[in-house]
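Trainee: Could you work out the structure for the sequence below:
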Amino acid sequence: MSVTQAINIGRTERRETLKSVGLPVVAIVFLIILFSVLSPTFLQPSTFLTILRESSVLLVVAVGMTLVIIQGSIDLSVGATVTLAGLVAASVTKETDSVFLAILAALAVGLVVGLVNGVIFAYGKVPSFLVTLGMSMAVGGVGTWLVSGRPVQVSDQGLRWVAQGQLLVIVPNLVLWAVIVWLIFTFIGMKTRFGRYVFAIGGAEAVSALAGIPNRRVKLWALTIAGFCAAIAGILLTSRIGSATPGMGDALTLNSIAAVVMGGTAITGGVGGVQRTVLGVLVITTLTVGLNSLGVMPYMQLIIQGLVVVAAVALTLDRSKLTVIK
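Mentor: Here you go, the predicted structure:
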């Protein structure tokens, strides 16, 4: 490779990084200014605290989703996993009065769902889209059957404290746990061999196999981590609202995918990172909180959010990897 080629490649990479990081930052600033002008009650400390709270559960789900998308796959079962984990946590707490057992059972649910997804996808060679779509329906059905379609109230103060308590002044535990999860997996994605392998598979899976990377094992772990993160999110969501209801995590599937893409992780894989996902989460949450402050009807919010997602995908899609558009 010549010096000129190396310089050009470096410039291209810097431009792509600037685009993927700069666009969501600009979007966040624009939304804050826009809603501050349109709604006199938006620009106040309570609004930003609400944004942090609303971002937390979505961030935890999106962290796991990021690793899956970077390797060029998708997980459509995270929303159902959030719901099932939350229902299990609430039900176990109600039956045993043990927060420890409830959290352990909920985390086990996420690990099992992620592991099954990973085994079928990586070793059964079934596309991740189909595997996780089917698993989403199955897991959703199990959750509804488990509680007979009825919500489960959380009266145990220990489980409520997990998200509603405050280990640090002002900062709710909900936000604290989300930041910890984000920092851990940011480190894993940027500084570990597993993180490098995930990027390699997303960039060129055939080449990574020739380089000796255990592709199937990495795919298995990525989907298992996504299920684990979804379970954490289910526990936090149940703790925050004080109950678990069938379908409570459904919206998180598409929102997490949108957050990952808006944060600069290409849906085609190989580009992005967990560290960027927080920006996409803040874009979505700021948009949602701002529209709520304006009193926009829910169906109009869905329309606006859908258009924003399409625009984000169009701007971040790496078309150089797509020889055919289907």
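Trainee: Tell me the gap between stretch 44-54 and the middle of its chain.
Mentor: The chain centre lies 19 Å from the centre of stretch 44-54; the measure is CA atoms, centre = their mean, to the nearest Å.
Trainee: Kindly report the same for stretch 172-184.
Mentor: Worked out by CA atoms, centre = their mean, stretch 172-184 lies 13 Å from the chain centre.
Trainee: For residue 152, what are phi and psi?
Mentor: Residue 152 adopts backbone torsions of phi -120, psi 120, taken as degrees, to the nearest 10.
Trainee: from what I can see it touches residue 88, true?
Mentor: No - contact criterion CB atoms under 8 Å: residue 152 and residue 88 do not qualify, at 9.5 Å. To be clear about C-beta, it is placed using only N, CA and C from the backbone, and glycine gets the same treatment.
Trainee: neighbour-wise, which of the two wins?
Mentor: Under the criterion of other CB atoms under 10 Å, the comparison of residue 152 against residue 88 puts residue 88 first, with 29 against 20.
Trainee: and the more buried one, what pLDDT?
Mentor: Here the pLDDT value assigned to residue 88 is 97.
Trainee: Residue 7 too?
Mentor: pLDDT, read off for residue 7, is 44.
Trainee: same check, this time on residue 241
Mentor: 93.
Trainee: Number the chain from 38, please
Mentor: Yep, numbering from 38; the last one is residue 278 now.
Trainee: Count the residues that sit near it.
Mentor: Neighbours of residue 278 using other CB under 10 Å come to 17.
Trainee: Now it. Nearest residue, chain neighbours left out?
Mentor: Using CB to CB, 6 or more residues apart in numbering and skipping residues adjacent in sequence, the residue nearest residue 278 is residue 285, 7.7 Å away.
Trainee: again, but for residue 116
Mentor: residue 290 is the one closest to residue 116 (CB to CB, 6+ apart), at 3.6 Å.
Trainee: Just the buried positions in stretch 235-253, please.
Mentor: Residues of stretch 235-253 classed as buried by neighbour count (16 or more other CB atoms under 10 Å): 235, 236, 237, 238, 239, 240, 242, 245, 250, 252, 253.
Trainee: is it possible to export those residues to JSON lines including distance to residue 307 and pLDDT?
Mentor: Shown next, in JSON lines, are the buried residues of stretch 235-253 (distance: CB to CB, whole Å; pLDDT from 0 to 100):
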{"residue": "235", "distance to residue 307": "9", "pLDDT": "95"}
{"residue": "236", "distance to residue 307": "6", "pLDDT": "93"}
{"residue": "237", "distance to residue 307": "8", "pLDDT": "93"}
{"residue": "238", "distance to residue 307": "8", "pLDDT": "94"}
{"residue": "239", "distance to residue 307": "4", "pLDDT": "90"}
{"residue": "240", "distance to residue 307": "3", "pLDDT": "85"}
{"residue": "242", "distance to residue 307": "9", "pLDDT": "87"}
{"residue": "245", "distance to residue 307": "10", "pLDDT": "89"}
{"residue": "250", "distance to residue 307": "13", "pLDDT": "92"}
{"residue": "252", "distance to residue 307": "13", "pLDDT": "93"}
{"residue": "253", "distance to residue 307": "18", "pLDDT": "94"}
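Trainee: now these as JSON lines including secondary structure and distance to residue 101?
Mentor: Converted to JSON lines, the buried residues of stretch 235-253 look like this (DSSP: H, G, I helix; E, B strand; the rest coil; distance: CB to CB, whole Å):
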{"residue": "235", "secondary structure": "helix", "distance to residue 101": "12"}
{"residue": "236", "secondary structure": "helix", "distance to residue 101": "16"}
{"residue": "237", "secondary structure": "helix", "distance to residue 101": "19"}
{"residue": "238", "secondary structure": "helix", "distance to residue 101": "16"}
{"residue": "239", "secondary structure": "helix", "distance to residue 101": "15"}
{"residue": "240", "secondary structure": "helix", "distance to residue 101": "20"}
{"residue": "242", "secondary structure": "helix", "distance to residue 101": "20"}
{"residue": "245", "secondary structure": "helix", "distance to residue 101": "21"}
{"residue": "250", "secondary structure": "coil", "distance to residue 101": "21"}
{"residue": "252", "secondary structure": "helix", "distance to residue 101": "19"}
{"residue": "253", "secondary structure": "helix", "distance to residue 101": "19"}
